[in-house]
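> here you go, sequence then predicted model.
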Amino acid sequence: MRNRLRNMRAYLCGGMDNVKDGGIGWRKRVGRWLVKRGTIVLDPTDKPTDIGEESPQIRAHWNELKATGHFNELSAIMKTIRGVDLRMVDISDMLIVYLDRNQFPCGTFEELFLANREKKPTLIVSPQGKRGVSNWLFGTIPHQHIFDNWHQLYRYLNHIDCDEHIELLRRWCFFTFKRNKR
């Protein structure tokens, strides 16, 4: 067993604004799966920082700010959220993206395209299936990184983690750190 996913950082990317559970459910399930393999999970619904916090109660407050026209306050809050989330994309080694066409995942697209510019493995699962994602993504992300369901994604990640020979697709990069002998 190679264990290539150990100590890699995975950012869990996907819609939150227009999602019944705020995008928490799938992130918890995928996060548990990754942690079992030693992967460090970066989850915007459970940020590893005390700034940019998000929860259903906080989201309700944002919606109230928007409804009452307090746009300056909302803008200041969202700039912080955006900054923290994009920083997590920057320090991640890979993205796992849940991309549902029935939602309006504005931040998801910015995060996805940022990771693509950084040539990170950006693994997309869509409930509409691979055939249901935007054609634009086929010119952006290797099609081997677009999946119809979670089972396909997990099978692919197991392959990356354990198999002797893998196709890097000019995205995967693994480091072997050696201890300093000082």
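Great, that's in hand.

> and the next element down the chain from the biggest helix by length in the chain?
In the chain, assigned by DSSP state H, the helix with the most residues is helix 71-91. As assigned by DSSP states H and E, the chain's next helix or strand after helix 71-91 is strand 94-98.

> what helices and strands are in contact with that following strand?
Where contact means 3 or more C-beta pairs under 8 Å, 6 or more residues apart in numbering; DSSP states H and E, strand 94-98 is packed against strand 9-14, helix 24-35, helix 106-117, strand 122-125. (Each C-beta comes from the backbone N, C-alpha and C, glycine too.)

> can I get those in JSON lines with mean pLDDT?
What follows is the helices and strands packed on strand 94-98, written out as JSON lines (pLDDT from 0 to 100):
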{"stretch": "strand 9-14", "mean pLDDT": "98"}
{"stretch": "helix 24-35", "mean pLDDT": "97"}
{"stretch": "helix 106-117", "mean pLDDT": "95"}
{"stretch": "strand 122-125", "mean pLDDT": "98"}
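
> any stretches of this structure with poor pLDDT?
1, 180-182 (pLDDT under 70).

> which residues sit in contact with Lys47?
Contact analysis of Lys47 by C-beta atoms under 8 Å, 6 or more residues apart in numbering lists 53-54, 84, 88.

> name the SS class of it, please.
Secondary structure, DSSP: H, G, I helix; E, B strand; the rest coil: Lys47 is coil.

> from Gly25, how far out is it?
Plainly put, Lys47 is 17 Å away from Gly25 if you go by C-beta to C-beta, to the nearest Å.

> how about Glu64?
Glu64 is 24 Å from Gly25, by C-beta to C-beta.

> and if you look at Arg131?
24 Å.

> between the two, who's got more neighbours?
Per other C-beta atoms under 10 Å, whichever of Arg131 and Gly25 has more neighbours is Gly25, with 13 against 8.

> out of the contacts of Lys47, who has the most neighbours?
Met88 (22 neighbours).

> how many other residues sit next to Val41?
With other C-beta under 10 Å as criterion, Val41 counts 20.

> over to Phe138?
Other residues within reach of Phe138, judged by other C-beta under 10 Å, total 12.

> picking up where we left off before, list just the nearest of the contacts of Lys47 to Asn18.
Nearest to Asn18 among the contacts of Lys47, counting by C-beta to C-beta, is Glu54 at 14.1 Å.

> wait, what's in contact with the closest residue to that closest one other than its chain neighbours?
Closest residue to Glu54 apart from its sequence neighbours, by C-beta to C-beta, 6 or more residues apart in numbering: Thr45 at 6.0 Å. Thr45 is in contact with 16, 22-24, 27, 54-55, counting by C-beta under 8 Å, 6+ apart.

> with that, I have no additional questions.
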